[in-house]
Every structure is written in C-alpha cells, then in structure tokens.
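In: Structure, please.
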Amino acid sequence: MTALPDHIDVAAYVLGVLDEDEVDAFENHLAQCRKCALDLKDFAVLPDLLDEADQAGLLRGTAGERPDGRSVRAMLDSVSIDRGRKRRNYALAAAAVAVLLMGGTAAATVKLTSGSGNTSNVAQNTQSPPKQSAVANNETDVFQELSRSDPKTGLKAKIHARPEAWGTSIEFEVEGAKGPGRCELVALTRDGGTMPVTTWLVGAPALNGDKAPVQLDGGLGMRWNEIAAFVVRDSSGATLLNMPT
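Out: Next comes the predicted model:
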C-alpha cells in the first residue's frame, strides 16, 4: 500500500488485506474517484472466485514456505478470515458505488463498520450544482429565436441565433419594410453599445419590394447574453422595429 490511496489499491480493498487506516484512506478516495468506483464494480466477483479456488485446493496445493520463514498457508488462512469479516463492509461499499455511478442528486451517505467498530464515510453524494447554460459552455448546437412585429410600421421580423466559438451567428428574416430606401439591423449591447449586424435595400412599392420577405445572414463578436435587443432602423436612423432579447 502507498501512503496515499492509488488506483491499484482497489483489488487489495476487495480482498480485505488493507489495515484499518488504509481502508479509511481508500474509502475517502473512493468517494471522489469514478475510476476506482468502476474498478470496484468490476472486482465484485473476485473474493468469491478466490474462495472457490481455495476450497478446491488450487491456492494451497503448492504453497510452501516464504524465504522469511512465514507459512504461505497460514497467511492464506489469515487473509481468508479477514476477507470474510470485511465482506459485509465491501457489500455496503458496492452500494455506495452504485449511488456514485448513478450520479443521483439526493444526498446518500453510507457508513462502514470495521472489525474494531470504527465508522467511516464511504460516499457522500450531495445535490449537483446548477448546470451552466449552453452559451456559457460555448456549446454550438443550441439556438435562440425571436419573432416580433410592429403594427404601426407594418414590419415583421424573425431572428435565429446560434452561439459560435467566435461569437453569435444570426439568421434574419424581415418583411413589411416600406421603400425605396435602405434598412439596417443593429444589436444593442447591455453596456449601452451598438453593433451592426446587416443592411439591405428596400425596393419601391411599384416593384413589389416591400412584399416578399428578405432573408439575410450576419454575425456578432459577442455572446447572446450580452445582447439587450435587436433594432431595425431606416436610413435616417428611425426605429422601425424593436426586438428585446
């Protein structure tokens, strides 16, 4: 055993060959180590396999004396006794591992009782912290949508926004603008700034330029949560449509 718990201690723990201090140290490590929890689950059948092999004489048949004079048979007997005494504790640990692997949100604490009567916490799984939003995690498969209209100006618009590594991509659809003229879509930031997104020309009514929806793409070097609103303006700067986020 090492002074600090290591991944290789899983088998020793399952076999029941650790002393009390080592058991406590490993169980504290187990509560925080998913790899060891998975290994512990895999090693679940090892004690039974060894017991079967021992009963069949496979372990003791050729066991002789160690160079230091200690009997291997006596050591096997001692380990077998310890393993039997700790089997119940190991079963409780396995239950704690199941809770750890399921990742439940309810608190789950399992107490183990050693041969001397001391107790130690095996696993304590408290409620998971709130998950960050997809935008905060820079995930690129989550969309934001806005749809607004203004009966006074007759303008209707839709925005489909997607977070990107570089900022936010914008798909914009607008209809109802009166022409001829030029319109623009800008983003108002929460710190009071203004950033252009895209511009387009509106045809004269005689050319039916104000009937068909216009579809445009744009982008912003900022995150969605930094945007307070999108605004459609005409060439004079007058607001035709306000789209708060």
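In: measure L185 to G154 for me?
Out: 17 Å (Cβ to Cβ, to the nearest Å). Every C-beta, even on glycine, is put in place using the N, C-alpha and C of the backbone.
In: er, V202 I mean
Out: For V202, the distance to G154 (Cβ to Cβ) stands at 12 Å.
In: quick revisit: so which of L185 and G154 has more stuff around it?
Out: Neighbour totals were compared for L185 and G154, and L185 leads with 22 against 14 (other Cβ atoms under 10 Å).
In: Give me the common contacts of V202 and G154.
Out: K178 (Cβ atoms under 8 Å, 6 or more residues apart in numbering).
In: Confirm V14 sits in a helix?
Out: Yes - according to DSSP: H, G, I helix; E, B strand; the rest coil, V14 belongs to a helix.
In: Please look at it and C36 and confirm they touch.
Out: No - under the criterion of Cβ atoms under 8 Å, V14 is not in contact with C36, lying 10.8 Å apart.
In: Would you mind giving the domain segments of the protein?
Out: Following automatic domain parsing, the chain resolves into domains at 9-124, 144-244.
In: Check which element follows the strand or helix carrying F172 along the chain.
Out: Per DSSP states H and E, F172 falls inside strand 167-175. Sequence order places strand 181-189 as the next helix or strand after strand 167-175, per DSSP H and E.
In: And for that next one, what's in contact with it?
Out: So strand 181-189 is contacted by 157, 170, 172, 174, 177, 194-202, 216, 218, 220, 222, 226-235, 240 (Cβ under 8 Å, 6+ apart).
In: Strand partners (parallel or antiparallel) of it?
Out: Take DSSP bridges as the rule and strand 181-189 pairs in its sheet with strand 194-202 (antiparallel), strand 227-234 (antiparallel).
In: Nearest to A165, out of these?
Out: Nearest to A165 among those is strand 227-234 (17.1 Å), distances taken as Cβ to Cβ.
In: now the angle from the closest one to strand 167-175?
Out: If you take axes from the mean of the first three to the mean of the last three Cα atoms, to 10 degrees, strand 227-234 sits at 40 degrees to strand 167-175.
In: mind listing the strands for this protein?
Out: With DSSP state E as the criterion, the chain has strands at 109-113, 119-124, 144-150, 155-164, 167-175, 181-189, 194-202, 214-220, 227-234, 239-244.
In: CSV for those, including distance to F26?
Out: Output for the strands of the chain, formatted as CSV (distance: least, Cβ to Cβ, whole Å):
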stretch, distance to F26
strand 109-113, 11
strand 119-124, 10
strand 144-150, 47
strand 155-164, 43
strand 167-175, 47
strand 181-189, 53
strand 194-202, 55
strand 214-220, 52
strand 227-234, 50
strand 239-244, 55
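In: so which of the ones you listed gets nearest F43?
Out: Closest to F43 of the strands of the chain, according to Cβ to Cβ: strand 119-124, at 15.4 Å.
In: Give me the below-cutoff pLDDT ranges for this protein.
Out: Counting by pLDDT under 70, the chain shows low-confidence ranges at 1-8, 41-42, 44-141, 204-211.
In: ok so, going back, out of the strands paired with strand 181-189, which gets nearest to V23?
Out: That would be, of those and by Cβ to Cβ, strand 227-234, which comes in at 55.0 Å.
In: Other residues contacting the closest one?
Out: With contact meaning Cβ under 8 Å, 6+ apart, strand 227-234 is reached by 146, 155, 157, 159, 168, 174, 177, 181-190, 197, 220, 239-245.
In: Just want the angle from that strand to strand 214-220.
Out: Interaxial angle, strand 227-234 versus strand 214-220 (the same axes, to 10 degrees): 140 degrees.
In: which parts of strand 227-234 are buried?
Out: By neighbour count on 16 or more other Cβ atoms under 10 Å, the buried set for strand 227-234 is I227, F230, V231, V232, R233, D234.
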